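In: need the 3D shape of this:
(2 chains)
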Amino acid sequence: MRFILTWLLIAGAWTSPARAIDSMDPRLALHLPDEIRAWYRNPDGSCVQCSIGMCGVDQNIPAAASLLWDTKYGSKERGGSGPSRVARYCREREIRIYNITGKPTWHWMRWAAETGRGAAIGAGRAHFQTLVGHDPETGTWYVCNNNSTHRIDEYNDAEFRRLHLASGQWVVILDYPPHANRPCYVRWWD
Amino acid sequence: MLRTLSLLCLLSVPNLAFPAEPEVNLPEIARRGDHVQVIDGLHHGGADEMIAEAMAPPQSDADKWFISVITTEGCSACEDLKREWKRSRWLQNLAEPKNPKRSWAHFAIYSRQDATQSWRWDSIQLSAYPTIIVQPPKNGRYGSNSTVVYQGVYGGDPKALASDILVAIRQYIRKISGYTPKTIRASKEGSLAGAPPPWDQFNYDRRPNDGGGRLFPLRIPPGPYDGQESIAESERLKLINAPWSSLLAILMGNPSIGAFVLIGVFALRYIRQRREDAGHTPFLGKSSFESLIEMIEERFGPAEEAEDEPETVAPKKVVKKTTRRKRRTS
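Out: Purely as a prediction, here's the structure:
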């Protein structure tokens, strides 16, 4: 009995803090189906480009969405990045971004989520992930890790703070309008 | 020295040196259309207030409506619409593709063939292009952001398109205005916080587009729009209404000043109408233009033929006949 309980506790600790949330949940700012997020699975340490690419698809910015591949928008950008490298290839590809470091990142992340935008954020040790939503009422942050694109992880304020500080405070937000939710018909005129 | 002094004089007058913000927000006026807002210290609320609020410059990105244009390859109308949206003031009153921060609505152009975006249209029907879709802001003030408030296909007239969109938005707001929430956030269960929703928000028909039977009308909202708000086709000048008889008279060698004036006035009105359709600002305001036309017609226009006056029949002189009786004597 003790053995079973111990293993259950270990399993519970292993899986937390990630919990499942639907990719089209209205609480999220970034809405991408699982199969689209899967395109941005990190193959080779290109976490920054994977995160920015996910935001690019969400906001319909092909130049940003195609960072990982050779396309008409430019050569593929692979491997690790810093703010200056991101600034360089965004200038080359004419992608408008907010490239934020330091303490202002917290305010900008809240702004992005509030206005329906995703954000490429430092999250985890020397790692970048995609902020897909923030619920200020519950203090929950929703993050998609490009090492596990099939799920969206949830963090409370304290957990998220540790996560963001672990990587160095750096956030990239695409300076473009947010997407509209998937349109649906409602017979409002009846 | 003189140049420097002139420059300093110019710089001291802020409006001349640095163009300020426009003094009148013309796009907002155009968006409001025919609208009366009563402000008398009493709370009115209701549809008119919501419409005024919707048409005002948005306070933040969360307050902007969404306009999506879905195009397809090899579509000349799609290219035409993209061009018109960059230069027609009617469409720019709604969205400024070149200036997203100043734009009243979020604006995005999608290609039907773009595999990265095609999943967005799973729940709607697309049958002609370019299709324009309008959705409410994300602030929740006007219902769910997913609701299609307007869906239509561009017919080549930017002014008509802008008018149709605004009419649809006003109709939609009037429909939902019975519910004025204080704080709107779609809860987990889907209902708007604080009050029951005025419509069955989540009874969406999510059947896929089978291309066959039409589940929803191609244009949303369906049916003719309110005649008072849409462009009255009957008032528009058409070439068929031109003074062809006057032109014919001139060509037949029977010119007259009146004929020239009729043709000239028609041409002026027609050119003005075409310029307005293209979104250009007219040289004269409407009242000035009409006054000018009136003056020209009065001075140089063809004299109006006096209408045949009804024949007046002189009253018959009534002569009283007097008869004289012969006196008869016995």
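
In: and the helix or strand hosting residue A:92, what's buried?
Out: Per DSSP states H and E, residue A:92 falls inside helix A:83-93. Residues of helix A:83-93 classed as buried: A:86, A:89-90, A:93 (neighbour count, 16 or more other C-beta atoms under 10 Å in any protein chain shown). (Glycine included, C-beta is placed from N, CA and C.)

In: for it, packing partners?
Out: Contacts defined by 3 or more C-beta pairs under 8 Å, 6 or more residues apart in numbering or on different chains; DSSP states H and E place helix A:83-93 against helix A:62-65, strand A:97-101.

In: by mean pLDDT, show me the worst of those.
Out: Per-stretch mean pLDDT for the helices and strands packed on helix A:83-93 is lowest at strand A:97-101 (a mean of 91).

In: and that strand, how far out from the chain's middle?
Out: 14 Å (C-alpha atoms, centre = their mean, to the nearest Å).

In: how about the CA coordinates for that strand, as CSV?
Out: Written as CSV, here are the backbone C-alpha positions of strand A:97-101 (Å, rounded to 0.1, in the frame of the first residue of the first chain):
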residue,chain,number,x,y,z
ILE,A,97,8.6,43.2,-33.2
TYR,A,98,8.8,44.4,-29.6
ASN,A,99,12.1,43.0,-28.4
ILE,A,100,11.9,43.4,-24.6
THR,A,101,14.4,42.5,-21.9
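
In: quick check: what element follows the helix or strand bottoming out on mean pLDDT in chain B along the chain?
Out: When each helix and strand of chain B is scored by mean pLDDT, DSSP states H and E, helix B:14-17 comes last, with a mean of 48. Sequence order places helix B:26-32 as the next helix or strand after helix B:14-17, per DSSP H and E.

In: quick check, residue A:141 in a strand?
Out: Yes. Under DSSP: H, G, I helix; E, B strand; the rest coil, residue A:141 sits within a strand.

In: pLDDT at it, what is it?
Out: So, for residue A:141, pLDDT stands at 96.

In: which SSE is the residue nearest in space to the middle of chain A in?
Out: Among the residues of chain A, the one closest to the centroid is residue A:130, at 1.2 Å (C-alpha atoms, centre = their mean). In this structure, residue A:130 is located in strand A:128-135 according to DSSP H and E.

In: ok, and what's touching that strand?
Out: The contact list for strand A:128-135 (C-beta atoms under 8 Å, 6 or more residues apart in numbering or on different chains) reads A:25, A:27-30, A:40, A:47-48, A:50-51, A:54-55, A:109-110, A:112-114, A:118-123, A:140-146, A:152, A:167, A:171.

In: now do 6 Å
Out: With C-beta atoms under 6 Å, 6 or more residues apart in numbering or on different chains as the test, strand A:128-135 has contacts from A:27-30, A:47-48, A:51, A:54, A:109, A:113, A:118-123, A:141-145, A:152.

In: next secondary structure after the worst-scoring helix or strand of chain A on mean pLDDT?
Out: Each helix and strand of chain A was given a mean pLDDT (mean pLDDT, DSSP H and E); the minimum falls on helix A:2-15 at a mean of 57. Next helix or strand after helix A:2-15 toward the C-terminus (DSSP H and E): helix A:34-37.

In: any chance you could map the helices in the stretch 151-300 of chain B?
Out: Using DSSP state H, counting those that start in this stretch, the helices of the stretch 151-300 of chain B run over residues B:158-176, B:244-251, B:257-277, B:286-300.

In: does residue A:163 touch residue A:123 like I think?
Out: Yes. Contact criterion C-beta atoms under 6 Å: residue A:163 and residue A:123 qualify, at 4.8 Å.

In: between these two, tell me which one has more neighbours.
Out: residue A:123 (27 against 21; other C-beta atoms under 10 Å in any protein chain shown).

In: so what's residue B:135 up against?
Out: Contacts of residue B:135 (C-beta under 6 Å, 6+ apart): A:180, A:183, B:66, B:145.

In: what number of residues lie near the last one?
Out: It refers to residue B:145. 24.

In: got the phi and psi for residue B:66?
Out: phi -120, psi 130 (degrees, to the nearest 10).

In: over to residue A:119?
Out: Note on residue A:119: its backbone torsions stand at phi -150, psi 140 [degrees, to the nearest 10].

In: and it, how far from chain B?
Out: 14 Å (C-beta to the nearest C-beta, to the nearest Å).

In: mind pulling up the pLDDT for that residue?
Out: 97.

In: try residue A:154
Out: 95.

In: swap in residue B:237?
Out: 72.

In: count the neighbours of it for me.
Out: There are 14 residues near residue B:237, going by other C-beta under 10 Å.

In: what sits against it?
Out: So residue B:237 contacts B:269-270, B:273 (C-beta under 6 Å, 6+ apart).

In: how about a cut-off of 10 Å?
Out: B:266, B:269-274 (C-beta atoms under 10 Å, 6 or more residues apart in numbering or on different chains).

In: what does residue A:45 give?
Out: A:78-81, A:126-127.

In: hmm, try it at 6 Å
Out: With C-beta under 6 Å, 6+ apart, residue A:45 has these contacts: A:79-80.

In: re earlier: minimum distance to residue B:262: which of the helices and strands packed on helix A:83-93 has it?
Out: helix A:62-65 (55.4 Å; C-beta to C-beta).

In: can I get the closest one in PDB, CA atoms only?
Out: What follows is helix A:62-65 as a C-alpha-only set of coordinates in PDB (Å, rounded to 0.1, in the frame of the first residue of the first chain):
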ATOM      1  CA  PRO A  62       4.300  34.400 -42.900                       C
ATOM      2  CA  ALA A  63       7.800  36.000 -42.600                       C
ATOM      3  CA  ALA A  64       7.700  35.100 -38.900                       C
ATOM      4  CA  ALA A  65       5.900  31.800 -39.300                       C
END
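
In: which pair of the contacts of residue B:237 spans the longest distance?
Out: Maximum distance among the contacts of residue B:237 (C-beta to C-beta): 12.5 Å, for B:266 and B:274.

In: quick check: residue A:56 is in a helix.
Out: Yes. Residue state for residue A:56 (three-state DSSP) corresponds to a helix.

In: residue contacts, it?
Out: Residue A:56 neighbours (C-beta under 6 Å, 6+ apart): A:64-65.

In: residues from the stretch 1-150 of chain B in reach of chain A?
Out: B:61-62, B:66, B:100, B:106, B:108, B:116, B:119-120, B:123-124, B:133, B:135, B:138, B:145-148 (C-beta under 6 Å from any C-beta of the partner chain).

In: let's go with 8 Å and repeat that
Out: With C-beta under 8 Å from any C-beta of the partner chain as the criterion, the stretch 1-150 of chain B meets chain A at residues B:60-62, B:64, B:66, B:68, B:100, B:103, B:106-108, B:110, B:114, B:116-117, B:119-124, B:133, B:135, B:138, B:143-149.

In: now the buried members of those.
Out: Buried, going by 16+ other C-beta under 10 Å: B:61-62, B:64, B:66, B:68, B:100, B:103, B:106-108, B:110, B:116-117, B:120-121, B:123-124, B:133, B:135, B:138, B:143-149, out of the residues of the stretch 1-150 of chain B next to chain A.

In: what's the pLDDT at residue B:304?
Out: 56.

In: neighbour count: residue B:266 and residue B:274, which is higher?
Out: residue B:266 (18 against 11).

In: what's the neighbour count on residue B:48?
Out: Residue B:48 - counted by other C-beta under 10 Å - has 17 other residues nearby.

In: so it touches residue B:34, yeah?
Out: No. Counting by C-beta atoms under 8 Å, residue B:48 sits too far from residue B:34 to count as a contact (11.3 Å).

In: find the closest residue to chain A in the stretch 151-300 of chain B.
Out: Residue nearest to chain A within the stretch 151-300 of chain B: residue B:221 (4.0 Å; C-beta to the nearest C-beta).
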